[in-house]
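Asks: Below are the sequence and a predicted model for it; my questions follow.
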Amino acid sequence: AQKITQTQPGMFVQEKEAVTLDCTYDTSDQSYGLFWYKQPSSGEMIFLIYQGSYDEQNATEGRYSLNFQKARKSANLVISASQLGDSAMYFCAMRGTGGFKTIFGAGTRLFVKA
Amino acid sequence: NAGVTQTPKFQVLKTGQSMTLQCAQDMNHEYMSWYRQDPGMGLRLIHYSVGAGITDQGEVPNGYNVSRSTTEDFPLRLLSAAPSQTSVYFCASSLGQGLAKNIQYFGAGTRLSVL
């Protein structure tokens, strides 16, 4: 069975510093995709970044990067130069090849301090 | 550009009542799905559809029905509301098969309370 684990219920980071949000996964699929979504206090779900299991390079999108370590089954989100607007819930998610179901982790709430 | 539209935004029901949560997308996406979000549990898949006329169950389908008569619309029906169905419901859509395409776009959510 597929599973996503986010072990940090909450984290604090100082404005302008970098922060890493942890995500580990378990799957028997050879090909799969990993996603990170942001949910601000307003409630909407915002796609941040995607990593394919066969991608050789770690994905980057602006201040977001995904530290993908396939052997360790981890897909950590790195936010550089944190901003106050980064305060939100962050969800790691995974979808396997050939299937439609996406599973989500329980989320990490990030607080950015001024 | 509307994207994924959910209605209503808020709803209060009494136990035993039925209702339909509406979801519409204007991106011509094949795939649509319904999730519920409960504190500390992330999002859990209720039902999904890979195209008009095709639906399937997710992790937590009991107490919910769906249908997909058009590409655009994917309503979620609560048959007989129970307090355990108090949650925030999200509808999402994505392009068809292929991992790189399967970025899901979410509606704004429906906050449902069952008394």
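Replies: Nice, I can see it.
Asks: where does chain B dip in pLDDT?
Replies: Applying pLDDT under 70 to chain B flags the ranges B:1, B:97-101.
Asks: Which positions in it make contact with chain A?
Replies: When proximity is defined as Cβ under 8 Å from any Cβ of the partner chain, chain B approaches chain A at B:31, B:33, B:35, B:40-45, B:48, B:50, B:56, B:58-59, B:88, B:90, B:92, B:99-100, B:102-106, B:108-109. To be clear about C-beta, it is placed using only N, CA and C from the backbone, and glycine gets the same treatment.
Asks: Mind giving me the ChimeraX command for buried ones among those residues?
Replies: In ChimeraX, a selection of the buried entries from the residues of chain B next to chain A looks like this (16 or more other Cβ atoms under 10 Å in any protein chain shown):
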select /B:31,33,35,42,43,44,45,48,50,58,90,92,99,102,103,104,105,106,108,109
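Asks: And the residue nearest the centre of chain B?
Replies: Residue closest to the average C-alpha location in chain B (Cα atoms, centre = their mean): B:Trp34, at 2.6 Å.
Asks: Please name the residues that touch residue 46.
Replies: Defaulting to chain A. A:Tyr37, A:Lys38, A:Gln39, A:Pro40 (Cβ atoms under 8 Å, 6 or more residues apart in numbering or on different chains).
Asks: wrong one, I was asking about chain B
Replies: B:Ser33, B:Trp34, B:Tyr35, B:Arg36, B:Gly58, B:Glu59, B:Val60, B:Pro61, B:Tyr64, B:Val66, B:Leu76, B:Tyr89.
Asks: in which helix or strand would I find it?
Replies: strand B:43-51 (DSSP states H and E).
Asks: Now find how far off-centre that strand is within its chain.
Replies: Put simply, strand B:43-51 sits 7 Å off its chain's centre (Cα atoms, centre = their mean, to the nearest Å).
Asks: what pairs with that strand, and is each one parallel or antiparallel?
Replies: Sheet partners assigned to strand B:43-51 using DSSP bridges are listed as strand B:31-37 (antiparallel), strand B:54-57 (antiparallel).
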